[in-house]
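Visitor: Everything below, folded, please.
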Amino acid sequence: MVQLNPYLRFNDGKCREAMNFYKEIFGGDLTFQTVGESPMSKEMPAEAQNKIMHATLKRGDFQFFASDMMRDKATIGDNISLALNCESEEQIKTLFEKLKGGGEVFMPLEKAFWGGLFGMLTDKYGIEWMLNYQEKSEKVDKDLLV
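Guide: As a prediction, the model looks like this:
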């Protein structure tokens, strides 16, 4: 089995701040490895020592990674979104409220044509999120949902 994990890139040393923000929202275990804690620390300049080389946020099967350290400056764009399929109406409303703080909502939570509760936003770190809650129904093919 192959597992796909989103890997977020942050500029200007924002990885620690952003991942702590996501931990507040989703819970789970958050770990960081700085450049200074890595074997390559001797090869890196002093200003890079506190940057995050690798961060992991994990809660059950929910897991994603992030870093300040990439080969070039990350360009935030609209080529990827993180899609969350929520377990309840209460959960989707709570997560949407928390993620939108300081960000921009471009599709408020509302009933979608497929019957789910759906909304889209960009959080304060420039990450685009798509949230969906679909009540269990025998008529819905779950493989077709976001």
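Visitor: Centroid-wise, who is the farthest residue in the chain?
Guide: Most distant residue from the mean C-alpha position of the chain: Lys42, 30.9 Å away (C-alpha atoms, centre = their mean).
Visitor: Can I take it that that residue is in a helix?
Guide: Yes - assessed by DSSP: H, G, I helix; E, B strand; the rest coil, Lys42 belongs to a helix.
Visitor: any idea how far Leu4 is from it?
Guide: Lys42 sits 34 Å away from Leu4 when distances are taken as C-beta to C-beta, to the nearest Å. (Each C-beta comes from the backbone N, C-alpha and C, glycine too.)
Visitor: again, but for Gly103
Guide: Remark: distance between Gly103 and Leu4 (C-beta to C-beta) = 24 Å.
Visitor: For those two, work out which one has more neighbours and name it.
Guide: A side-by-side neighbour count of Gly103 and Leu4, using other C-beta atoms under 10 Å, places Gly103 first with 16 against 6.
Visitor: If I look at the closest residue to the more buried one other than its chain neighbours, what pLDDT would I see?
Guide: Spatially, and ignoring its direct neighbours in sequence, Gly103 is nearest to Asp123 (4.2 Å; C-beta to C-beta, 6 or more residues apart in numbering). Asp123 carries a pLDDT value of 95.
Visitor: and what of Trp129?
Guide: In this model, Trp129 is scored at 93, pLDDT.
Visitor: so how many other residues sit close to it?
Guide: Trp129 has 18 nearby residues by other C-beta under 10 Å.
Visitor: Now it. Its backbone dihedrals?
Guide: Per-residue torsions, Trp129: phi -120, psi 140 (degrees, to the nearest 10).
Visitor: Quick check: beta-bridge partners of it?
Guide: Leu82, Leu121 (DSSP bridges).
Visitor: Now stretch 13-22: buried residues?
Guide: 14-16, 18-19, 21-22 (16 or more other C-beta atoms under 10 Å).
Visitor: Stretch 120-139 now?
Guide: 120-123, 125-129, 131-134.
Visitor: so can I have CSV of these showing distance to Phe96?
Guide: Formatted as CSV, those follow (distance: C-beta to C-beta, whole Å):
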residue, distance to Phe96
Met120, 10
Leu121, 7
Thr122, 12
Asp123, 11
Tyr125, 16
Gly126, 17
Ile127, 14
Glu128, 13
Trp129, 8
Leu131, 5
Asn132, 11
Tyr133, 10
Gln134, 15
